[in-house]
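Undergrad: Predicted structure and sequence below. I'll ask about it afterward.
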Amino acid sequence: MPKEYNPRPSAAQEDAAEIALPAHVAGSGALDRLVETARDYARAAVSDNTLTAYAQDWAHFTRWCRMTGAEPLPPSPQMIGLYLADLAAPQRKTPALSVSTIERRLSGLAWNCTQRGFTLDRANRHIASVLAGIRRKHARPPAQKEPIMAEDILAMIATLPFDLRGLRDRAILLLGYVGGLRRSEIVRLDVHKDDMPDSGGWIDVLDGGALLTLNAKTGWREVEIGRGSSDRTCPVHALEQWLHFARIDFGPVFVRTSRDGARALADRLGDKHVARLVKQTVLAAGLRADLPEKQRLALFSGHSLRAGLASSAEIDERYVQKQLGHASAEMTRRYQRRRDRFRVNLTKAAGL
């Protein structure tokens, strides 16, 4: 029988796989404190969502190894190649995974192997050739979420009540839309710098608007949110209203509310709330009413806010790129679902 592997290592196993003093160095209070500090930094190198996904990847792979009678460690390029093939063309009655999901699974396996002191050579021909074949045979254009345009966001916020929960959700939608923010960037905002240890940035409300300083997946960046043409549509006004009536002057900007929506609680909102809020208000506003409800829900997500800004903002592309925090203009253009199509006509420019 192959050895059983726990997909979620215990604290002792995790410590053994993490940073520690060399065996020949005697421990001391100062060195032990440095080890703990180094471990904290190492954990912070990967986001919680990524760690959760990698843990699920490892659990799935070790379960597959048990079913096939193989050992997960040390990593065998031949077996991992077979594992990838099974993900793309499963032998059992399970759905085939997309190419992007298979690539993510492989990244998760490589990370988990590294944490356990092994090296997974993704360039090995048993892995690389199988993955190249999967890409060639099964790759499809990436599924893109529907953008939320200006008229859409106005219809969505119009469905929200004016109780405390409605004020909060209105500020989330408007701030996320105009800022082109990711779900995690929205909910990890604090009122002031260094308010909370799980902070992802903070907000400064100025006369001309709000300045967001974000510690995002691409590094630190500043996002300017200007004041709108009216209080009804202004994201900064919506933010000020929420903070004022929720009596928030410290800690997370967006927190949970009581069941009756009348009282702000201390707990920070999770990023899934943004996705649920987008879907709920999309349905309530009647967007894409020509489609069944299930298809409408699948079309929109929290990412629709970022895609909407990129698609609707009629300004120089450089400013959109900066607001979204993209390293390249090419990435920004992927978000522009309806903008710039055929605006540059190379056929006519070529004289035809």
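TA: Alright, I've got the coordinates. Residues are numbered from 1 along each chain as shown.

Undergrad: Following the lowest-mean-pLDDT helix or strand in the chain in sequence, what is the next regular element?
TA: Between all helices and strands in the chain, the lowest mean by mean pLDDT, DSSP states H and E belongs to helix 11-17, at a mean of 39. Toward the C-terminus, helix 11-17 is succeeded by helix 29-44 as the next helix or strand (DSSP states H and E).

Undergrad: Return the set of buried residues in that next one.
TA: For helix 29-44, the neighbour count (16 or more other Cβ atoms under 10 Å) marks residue 35 as buried. To be clear about C-beta, it is placed using only N, CA and C from the backbone, and glycine gets the same treatment.

Undergrad: after it, next one along is what?
TA: Per DSSP H and E, the first helix or strand lying C-terminal to helix 29-44 is helix 48-68.

Undergrad: how far does whichever helix or strand comes after that following helix sit from the chain's center?
TA: Per DSSP H and E, the first helix or strand lying C-terminal to helix 48-68 is helix 77-88. Remark: helix 77-88 is offset 27 Å from the chain centroid, using Cα atoms, centre = their mean, to the nearest Å.

Undergrad: Also stretch 133-148?
TA: Its chain's C-alpha centre and that of stretch 133-148 lie 18 Å apart, by Cα atoms, centre = their mean.

Undergrad: where in the stretch 151-300 of the chain is pLDDT low?
TA: Within the stretch 151-300 of the chain, the stretches with pLDDT under 70 are 217-218.

Undergrad: bridging residues for residue 189?
TA: residue 201 (DSSP bridges).

Undergrad: wait, isn't it in contact with residue 252?
TA: Yes. Taking contacts as Cβ atoms under 8 Å, residue 189 lies within contact range of residue 252: 7.3 Å.

Undergrad: where do the contact lists of those two overlap?
TA: Taking Cβ atoms under 8 Å, 6 or more residues apart in numbering as the criterion, residue 189 and residue 252 both touch residue 199.

Undergrad: For stretch 22-40, what does the pLDDT average out to?
TA: Averaging pLDDT along stretch 22-40 gives 77.

Undergrad: In PDB, list the C-alpha atoms belonging to that stretch.
TA: In PDB, the C-alpha atoms belonging to stretch 22-40 read as follows (Å, rounded to 0.1, in the frame of the first residue of the first chain):
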ATOM      1  CA  PRO A  22      20.900  25.100  10.000                       C
ATOM      2  CA  ALA A  23      21.500  21.900  12.000                       C
ATOM      3  CA  HIS A  24      25.100  23.000  12.900                       C
ATOM      4  CA  VAL A  25      24.000  26.300  14.400                       C
ATOM      5  CA  ALA A  26      23.000  26.400  18.100                       C
ATOM      6  CA  GLY A  27      19.700  28.100  18.800                       C
ATOM      7  CA  SER A  28      19.400  31.200  20.900                       C
ATOM      8  CA  GLY A  29      16.600  33.600  21.900                       C
ATOM      9  CA  ALA A  30      17.600  36.200  19.300                       C
ATOM     10  CA  LEU A  31      18.000  33.600  16.500                       C
ATOM     11  CA  ASP A  32      14.700  31.900  17.400                       C
ATOM     12  CA  ARG A  33      12.900  35.200  17.200                       C
ATOM     13  CA  LEU A  34      14.500  35.900  13.800                       C
ATOM     14  CA  VAL A  35      13.400  32.400  12.600                       C
ATOM     15  CA  GLU A  36       9.800  33.300  13.500                       C
ATOM     16  CA  THR A  37      10.100  36.700  11.900                       C
ATOM     17  CA  ALA A  38      11.500  35.100   8.700                       C
ATOM     18  CA  ARG A  39       8.700  32.500   8.700                       C
ATOM     19  CA  ASP A  40       6.100  35.300   8.900                       C
END
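
Undergrad: and residue 165, how many neighbours?
TA: Using other Cβ atoms under 10 Å, residue 165 is surrounded by 21 other residues.

Undergrad: err, residue 77, not the other one
TA: When neighbours are defined as other Cβ under 10 Å, residue 77 has 17 of them.

Undergrad: Quick check, residue 103 in contact with residue 131.
TA: Yes. With contacts counted by Cβ under 8 Å, residue 103 reaches residue 131, the gap being 7.3 Å.

Undergrad: When these two are compared, which one has more neighbours?
TA: More crowded of residue 103 and residue 131, by other Cβ under 10 Å: residue 131, with 20 against 16.

Undergrad: Just the element for the more buried one, please.
TA: Residue 131 belongs to helix 125-138, assigned by DSSP H and E.

Undergrad: residues of that helix that come out buried?
TA: Here helix 125-138 shows 126, 127, 130, 131, 134 as buried, counting by 16+ other Cβ under 10 Å.
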